[in-house]
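# Everything below, folded, please.
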Amino acid sequence: MNLKDYIKSYFQRVGWIPPIINLVCFIAPIVFLQNSSFSEKEKILLYLGIIGFIYLVNYISFIFFLTKKILPEEEIRSKMRKRYRKGDDRMQSYLFPLPLDDENYEIYGRTLTYNPIGGDFYNFLTDPQGNYWIGIGDSVGHGYLAGIFSMMIFQNMSLLVKHNLSPYEVIEQINEDLLKRTEQNPKINPNLYATFLLIKIDKEGNLEHSGLHPSFVIHQKKREKTKS
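Model prediction:
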């Protein structure tokens, strides 16, 4: 309901009472002042004072009406938005993988986004050949749009790593799929993009990677050697 509807609702609710009171408040001082001994200047000042007082009373009563009608609804909507945003935060967390800890690797991930849902994402899983895949990315922008775009990449990665491809081939197919989706759905912003690093590691520690996002460090514990 907009302001015009609230004004209409206000006058429908109070009926003819305010106009009648206003009319009486205007006529009574006029009759009184006409029969008074005040000078013309004093009468004009008193008229203006009475008009200002009546305007003030009407203004205050209308503000009280709006406060009673609008503020509770705004408070309810604000609480709903807060609950919904908290729900978004949990929803995105549900999609990320659980920590992976086996005889070969320990893999953990966490995001700290500015908004409850955002463009930062990570994924790690194993393929049928026993290789470990790690994806780390960040979609442009903030909020829902970036989060949905990230989940599109997230979903594609989870499907494609099972097809015995290299990290480069997986990223190429993700790009092709995103391009097709953009062409078929004009409402998707064609300027969306993401930085994405995809890593493939076998059980022996041989590593392949493609894409670009963060710099990463490899530490070989047996050799006590670190490289980036």
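
# Which of the three states applies to the most far-flung residue of the chain relative to its centre?
Ranking residues of the chain by C-alpha distance from their mean position (C-alpha atoms, centre = their mean) puts Ser37 at the top, at 67.3 Å. The assignment at Ser37 comes out as coil when based on DSSP: H, G, I helix; E, B strand; the rest coil.

# Taking the centroid of the chain, which residue is nearest it?
Centre-nearest of the chain using C-alpha atoms, centre = their mean is Gly143, 4.9 Å out.

# Leu198 and Leu212 touch, don't they?
No. If you go by C-beta atoms under 8 Å, Leu198 and Leu212 don't touch, sitting 10.1 Å apart. The way it works is simple: take the backbone N, C-alpha and C, and place the C-beta from them, glycine included.

# After the host helix or strand of Phe53, which helix or strand is next?
Per DSSP states H and E: Phe53 is located in helix 40-95. Going down the chain from helix 40-95, the next helix or strand is strand 100-101, by DSSP H and E.

# Sheet-wise, list the partners of the following helix or strand past that next one with their directions.
Per DSSP H and E, strand 100-101 leads on to strand 106-107 as the next helix or strand towards the C-terminus. Strand pairing for strand 106-107, determined by DSSP bridges: strand 100-101 (antiparallel).

# contacts for the strand it pairs with?
For strand 100-101, contacts defined as C-beta atoms under 8 Å, 6 or more residues apart in numbering pick out Glu106, Ile107, Tyr108, Phe124, Leu125, Thr126, Tyr132.

# Only whichever of these are buried, select them in ChimeraX.
Buried members of the contacts of strand 100-101, defined by 16 or more other C-beta atoms under 10 Å, are picked up in ChimeraX with:
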select :107,124,125,126,132
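
# Quick one: the contacts of strand 100-101 as TSV, columns for pLDDT too.
As requested, the contacts of strand 100-101 are exported to TSV (pLDDT from 0 to 100):
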residue	pLDDT
Glu106	91
Ile107	92
Tyr108	91
Phe124	93
Leu125	92
Thr126	93
Tyr132	96
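
# Just give me the closest of the contacts of strand 100-101 to Met157.
When those are compared for distance to Met157 (C-beta to C-beta), Leu125 wins out at 8.3 Å.

# wait, isn't Tyr108 in contact with Pro97?
No. The pair Tyr108 / Pro97 is not scored as a contact, 9.7 Å apart, by C-beta under 8 Å.

# got the buried residues for stretch 159-178?
The neighbour-count check on stretch 159-178 (16+ other C-beta under 10 Å) flags Leu160, Val161, Pro167, Val170, Ile171, Gln173, Ile174, Asp177, Leu178 as buried.
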